[in-house]
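Asks: One predicted model, sequence on top.
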Amino acid sequence: MLNRRKFFIQSAWTSLGLLIPSIKSIAQARNISSGSSGPLVISTWDFGMAANLEAWKILENKGRALDAVEAGVKVPEADPNNQSVGLGGLPDRDGRVTLDACIMDEKGNCGSVMCLEHIVHAISIARLVMEKTPHIILAGDGALQFALENGYKKENLLTEKSKADWQEWLKKSEYKPIMNRENQGNYFKNHRSPDSPAYPGNKENHDTIGMLAMDAQNNLSGACTTSGMAYKIHGRVGDSPVIGAGLYVDNEIGSATSTGVGEEVIRIVGSHLVVELMRQGKSPQEACEEAVKRIVQKGPDRSKTLQVGFLAMNKSGQIGAYALQKGFTYSVKSSNQEKILSAESYY
């Protein structure tokens, strides 16, 4: 009896030993590594590469991730040719350019502005909210008043190009979010690396730049900024300035950001979900995939016609990206690589 029992116990351990390498190999196959153990910055879409390069100036000098993400996303905010972020952003249906942004650091501090007008760098106002007030969110006129009190000047954010596009839209006034609108600017065309996907004609970066960074001290921070959906109802706010939806950072685990139709991200508190899935042991890639599947489960019919993408990194420098539809790209910068990559998709 004892010999037989010993045989079964040894057999069980042998079987488990054979299984463990298989489980490990499957997990490793699902992970996407940045290829770097040092500072790292990733961001959504093609134009994220120019933003990454600005953030890298801080990271390579052992600066703080929070400073890097703010500096990085200010690049597309100030680009008048980018019609989805900051200056030059497409207006709402009333012709008003309203900006949303949020920022979060390694200590869990965060700040946000919603429906902010006349200020190019919404991300900097969000940081001021975080650092100078007891609040997390300021909105509308209150956010503008706060910016002016802190030395910012009112500017006209509606460029001639965006104004002309809005006036053309008024002829039919059809509100239909477009999944991957025409690309704004030629950065990707002129700067793509040999490892990047071929320039896809007029494929567009959707409404947001979300940026995640890890600095030399292995601390994480993130930023997200947008002019929101073109021709939205005045006052509409998407996921971008909502902590936990458009952005979430947990310095013990990792960080995540999102892009696309914000209403769908808010329904599942998407970026927080991705981080919590990583806390449970999923890789960034697996976590992004699960979040997208959750959107499909919540609205199977809606999900077929909309775009949402998630981007994440964990404390080990592993990266994940996944979207509802084809066309979502993301940018990566580390000490040994500078790439624009295409994310896999559910559909």
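Replies: Perfect, I can see it now. Residues are numbered from 1 along each chain as shown.
Asks: low pLDDT regions in the chain?
Replies: Residues of the chain meeting the criterion pLDDT under 70: 1-37, 175-207.
Asks: dump the residue contacts of residue 345.
Replies: 322, 323, 324, 325, 326, 327, 328 (CB atoms under 8 Å, 6 or more residues apart in numbering). Glycine gets a C-beta too; all of them are placed from N, C-alpha and C.
Asks: Need those residues in a markdown table (columns: distance to residue 38, neighbour count and secondary structure).
Replies: Listed next are those as a markdown table, based on distance: CB to CB, whole Å; neighbours: other CB atoms under 10 Å; DSSP: H, G, I helix; E, B strand; the rest coil:
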| residue | distance to residue 38 | neighbour count | secondary structure |
| --- | --- | --- | --- |
| 322 | 25 | 25 | strand |
| 323 | 28 | 29 | strand |
| 324 | 32 | 26 | coil |
| 325 | 33 | 20 | coil |
| 326 | 32 | 16 | coil |
| 327 | 31 | 20 | coil |
| 328 | 26 | 28 | coil |
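Asks: which of these sit farthest apart?
Replies: Farthest pair in the contacts of residue 345 (CB to CB) is 322 and 327. Separation: 12.4 Å.
Asks: Tell me where the stretch 151-300 of the chain has strands.
Replies: 208-214, 220-226, 247-250, 254-260 (DSSP state E, counting those that start in this stretch).
Asks: how about those strands in CSV, adding mean neighbour count?
Replies: Converted to CSV, these look like this (neighbours: other CB atoms under 10 Å):
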stretch, mean neighbour count
strand 208-214, 32
strand 220-226, 31
strand 247-250, 28
strand 254-260, 32
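Asks: need these in a markdown table with distance to residue 279, can you?
Replies: Shown next, in a markdown table, are the strands of the stretch 151-300 of the chain (distance: least, CB to CB, whole Å):
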| stretch | distance to residue 279 |
| --- | --- |
| strand 208-214 | 16 |
| strand 220-226 | 14 |
| strand 247-250 | 7 |
| strand 254-260 | 8 |
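Asks: of all those strands, which lies closest to residue 138?
Replies: strand 220-226 (14.7 Å).
Asks: Could I get the phi/psi values of residue 324?
Replies: The phi and psi values for residue 324, taken as degrees, to the nearest 10, are phi -70, psi -50.
Asks: Quick check: the gap between it and residue 145.
Replies: Remark: distance between residue 324 and residue 145 (CB to CB, to the nearest Å) = 38 Å.
Asks: Run a quick check on residue 128 versus residue 146, I expect a contact.
Replies: Yes. Contact criterion CB atoms under 8 Å: residue 128 and residue 146 qualify, at 7.2 Å.
Asks: Tally up the residues packed near residue 62, please.
Replies: 11 (other CB atoms under 10 Å).
Asks: now residue 269
Replies: Around residue 269 there are 18 residues (other CB under 10 Å).
Asks: Apart from its chain neighbours, what residue comes closest to it?
Replies: residue 244 (4.9 Å; CB to CB, 6 or more residues apart in numbering).
Asks: can you give me phi and psi for the one you found?
Replies: phi 100, psi -20.
Asks: show me where this protein has helices.
Replies: 2-30, 48-59, 65-77, 122-132, 140-149, 160-169, 187-191, 262-268, 270-279, 284-298, 300-303 (DSSP state H).
Asks: I'd like the distance between residue 157 and residue 135.
Replies: Distance of residue 157 to residue 135, given as CB to CB: 24 Å.
Asks: Now residue 231: closest residue in space that isn't a chain neighbour?
Replies: In this structure, residue 231 finds its nearest non-sequential neighbour in residue 93, 4.8 Å apart by CB to CB, 6+ apart.
Asks: ok, the one you found - contacts?
Replies: 173, 175, 231, 232, 233, 234.
Asks: Closest one of these to residue 225?
Replies: For these, the nearest to residue 225 is residue 232 (16.0 Å; CB to CB).
Asks: what about stretch 332-347, how long is it end to end?
Replies: End-to-end span of stretch 332-347 (CA to CA, to the nearest Å): 24 Å.
Asks: and what of stretch 242-249?
Replies: Using CA to CA, the two ends of stretch 242-249 sit 12 Å apart.
Asks: Give me the contact list for it.
Replies: For stretch 242-249, using CB under 8 Å, 6+ apart, the contacting residues are 102-106, 108, 110, 112, 136, 208, 210, 212, 220-224, 238-240, 255-258, 262, 265-266, 269-272, 274-275.
Asks: you'd agree residue 293 is up against residue 346?
Replies: Yes. Using CB under 8 Å, residue 293 is in contact with residue 346, at 6.9 Å.
Asks: Could you count how many residues lie near residue 134?
Replies: Residue 134 - counted by other CB under 10 Å - has 5 other residues nearby.
Asks: Check residue 163 too.
Replies: Residue 163, neighbours per other CB under 10 Å, totals 15.
Asks: Would you mind confirming that it is in contact with residue 95?
Replies: Yes. The criterion here is CB under 8 Å, and residue 163 meets it with residue 95 at 7.3 Å.
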